[in-house]
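Participant: Just the structure for this:
(one chain, ligands or ions: 2)
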Amino acid sequence: MHVNLDRHQQQLLLSDVKLHHLTHLTDYLQNIQSPRNNPLEQNSFFHPISGFYISSTDVILRHILFDLSGTFSSPPPYSAYHRAGPRKHIYFQPSQVQAAIVTCGGLCPGLNTVIRELVMVLWDLYGVRQIFGIKAGYRGFYSYEPIQLNPKMVHHLHRRGGTFLQTSRGGFHLQRIVDSIQNSGFNQVYIIGGVGTMRGALAIFEEIKRSKLNIAVAGIPKTVDNDVGIIDRSFGFQTAVEMVQQSISAAHLEAESAVNGIGLVKLMGRSTGHIAVYATRRGLFEFLEGRLKENNHAVVVVAEGAGQDLIPPPPISSTSVSEGEAQEEEKKKMDESGNLVFLDIGGWLKSELNKWWARDHPKEELFTVKYIDPTYMIRAVAANVLVKFAQM
Ligand SMILES: Nc1ncnc2c1ncn2[C@@H]1O[C@H](COP(=O)(O)OP(=O)(O)OP(=O)(O)O)[C@@H](O)[C@H]1O
Ligand SMILES: O=P(O)(O)OC[C@H]1O[C@](O)(CO)[C@@H](O)[C@@H]1O
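Facilitator: Ligands and ions are numbered 1, 2, ... in the order given. Predicted coordinates for the structure are as follows:
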């Protein structure tokens with residue numbers, strides 16, 4: 001990007017933009033059918049207006065904030081990605097599409113809305129009739145019969161939290177999954193999930209490409225943790241933030257209604273946010289001291305991944321454990337997908353706060369800590385806005 005600024009004129013030239021290549025079926029399949037007009041052209045209810053279709057020159061820049069004064073210049077190249085959305089020409093004949101939809105990982109508000117919109121768009125706008133739900137995450141590809149979906153089945157889904165298809169962690173066996181996709185005749189696979197799920201989707205796609213299969217894979221990122229690269233946030237994030245407000249407000253009221261009251265809230269988000277907490281932890285007690293003097297109450301919000309190295313691990317069942325037992329203990333620290341299972345920073349912090357008060361305030365002043373852990377209430381709710389989807 002070249003920036004040339006003077007008082008009368010501002011000129012911004014876009015160069016040095018690096019468009020990341022998005023592998024297309026035509027990149028590795030020779031005998032692919034020629035593209036056909038999008039069936040939306042013939043749809044009696046939906047008339048695409050000019051500019052509706054996304055073309056290969058529509059891009060989205062990775063960074064959208066720039067300092068044009070040059071004080072904090074960001075070196076090129078500037079990453080750009082293809083935009084998702086409906087194309088004027090498509091490569092699959094809708095009558096030959098067999099679509100599979102799967103949700104993996106933890107819950108996030110809006111999963112059901114995405115499932116519903118996928119089914120509705122495929123069915124109503126594109127005329128696809130073979131749409132299947134894969135039960136319980138990646139393992140569902142090889143462990144359960146697919147569920148055939150239609151608009152009637154998913155009609156009310158957007159009003160419900162959770163995932164109608166169920167979800168799970170672990171169970172990622174690449175070859176079994178790809179074999180099952182192939183044996184079931186799926187040629188469009190929609191994979192909804194977080195960062196782990198997206199890694200899995202990429203591995204599936206790489207295998208499909210390596211085997212030169214005519215199967216499209218679409219990863220639909222969801223995250224309440226904000227830990228999926230490239231995207232700033234996904235559907236459901238706003239709902240989760242809104243849900244948190246109730247807990248923070250409850251913590252605030254509890255704190256305000258006590259003498260020297262502290263409301264403590266633990267929030268999900270894996271390690272997201274813990275850097276900020278690390279940066280401030282040394283001054284936490286000093287900060288609270290001042291806050292209580294000034295306000296008589298305080299609210300502390302702590303990220304679930306914070307301070308893990310400070311919390312003493314739970315005692316190992318026996319002092320002389322065998323190697324096998326020690327390995328079992330190690331495994332308990334990971335969930336089925338290999339994510340670290342966090343120790344409870346909230347419970348530990350509550351007890352540390354009480355100890356601090358007893359130690360440093362010998363005058364027997366009143367002190368209350370109320371700890372709220374809204375963990376699953378934040379994500380196990382319906383999304384507050386409809387997530388609209390119109391891409392294929
Ligand atoms: N590197 C990886 N390669 C292939 N599959 C993976 C990888 N990491 C995780 N998976 C699989 O992806 C699925 C979801 O992963 P995980 O449980 O970590 O949740 P997630 O997608 O990160 O979502 P959440 O944010 O809710 O944790 C699991 O079935 C897991 O086995
Ligand atoms: O459902 P589980 O396995 O308890 O997962 C909890 C984790 O899932 C998330 O809610 C979503 O990734 C994290 O914020 C949290 O650490």
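
Participant: Report the beta-bridge partners for V302.
Facilitator: With beta bridges defined as DSSP bridges, V302 has these partners: K266.

Participant: Give the buried residues for stretch 178-193.
Facilitator: When burial is assessed from 16 or more other C-beta atoms under 10 Å, stretch 178-193 yields the following buried residues: 178, 180-181, 184, 186-193. (C-beta placed from N, C-alpha, C; glycine too.)

Participant: got the end-to-end distance for that stretch?
Facilitator: Start-to-end span of stretch 178-193 (C-alpha to C-alpha, to the nearest Å) is 18 Å.

Participant: next one: stretch 173-191
Facilitator: Stretch 173-191 has an end-to-end distance of 15 Å (C-alpha to C-alpha).

Participant: average pLDDT for it?
Facilitator: The predicted model assigns stretch 173-191 a mean pLDDT of 98.

Participant: Please apply the same query to stretch 256-263.
Facilitator: Looking at stretch 256-263 alone, the average pLDDT works out to 97.

Participant: cool, and stretch 122-136?
Facilitator: In this model, stretch 122-136 carries a mean pLDDT of 96.

Participant: of the buried residues of stretch 178-193, list those near ligand 1.
Facilitator: Within the set of those, contact with ligand 1 (C-beta under 6 Å from any ligand atom) is found for G193.

Participant: Nearest to ligand 2: which residue in the stretch 151-300 of the chain?
Facilitator: Using C-beta to the nearest ligand atom, the point where the stretch 151-300 of the chain gets nearest to ligand 2 is M268, with a distance of 3.3 Å.

Participant: follow-up on the earlier one: looking at the buried residues of stretch 178-193, which are in strands?
Facilitator: Within these, membership in strands is found for 188-193, as judged by DSSP state E.

Participant: Grab the longest helix from this protein for me.
Facilitator: The helix that spans the most residues within the chain, counting by DSSP state H, is helix 237-256.

Participant: So which elements touch that one?
Facilitator: If contacts are counted by 3 or more C-beta pairs under 8 Å, 6 or more residues apart in numbering; DSSP states H and E, helix 237-256 sits against strand 261-267, strand 297-303, strand 368-372, helix 375-379.

Participant: Pick the most buried one from these.
Facilitator: Of the helices and strands packed on helix 237-256, the one with the most neighbours on average (mean count of other C-beta atoms under 10 Å) is strand 261-267, at a mean of 24.

Participant: packing partners for it?
Facilitator: Helices and strands in packing contact with strand 261-267 are listed as helix 237-256, strand 297-303, helix 345-360, strand 368-372; criterion 3+ C-beta pairs under 8 Å, 6+ apart.

Participant: ranking these by burial, who's on top?
Facilitator: That would be strand 297-303, which, of these, has the most neighbours on average (mean count of other C-beta under 10 Å), namely a mean of 21.

Participant: Which residues does it contact?
Facilitator: Strand 297-303 is touched from outside by 248, 251-252, 255-256, 258, 260-267, 269, 271-274, 276-277, 284, 288, 291-292, 345-346, 349, with contacts defined as C-beta atoms under 8 Å, 6 or more residues apart in numbering.

Participant: related to what we said a few turns ago, for P151, state which of the ones in strands among the buried residues of stretch 178-193 is nearest.
Facilitator: Proximity to P151 was ranked across these by C-beta to C-beta; first place goes to Y190, at 16.0 Å.

Participant: distance of the closest one from L353?
Facilitator: Applying C-beta to C-beta, to the nearest Å, the value for Y190 to L353 is 46 Å.

Participant: for D179, same thing?
Facilitator: Between D179 and L353 the computed distance is 54 Å (C-beta to C-beta).

Participant: for R169, same thing?
Facilitator: When C-beta to C-beta is the yardstick, R169 and L353 sit 33 Å from each other.

Participant: near ligand 2, which residues of the stretch 151-300 of the chain show up?
Facilitator: Proximity of the stretch 151-300 of the chain to ligand 2 (C-beta under 6 Å from any ligand atom) is limited to residues 194, 224-225, 268-270.

Participant: Around the residue in the stretch 1-150 of the chain positioned nearest to ligand 2, count how many other residues there are.
Facilitator: Using C-beta to the nearest ligand atom, G106 is the residue of the stretch 1-150 of the chain that sits closest to ligand 2, at 3.3 Å. For G106, the tally of surrounding residues (other C-beta atoms under 10 Å) stands at 26.
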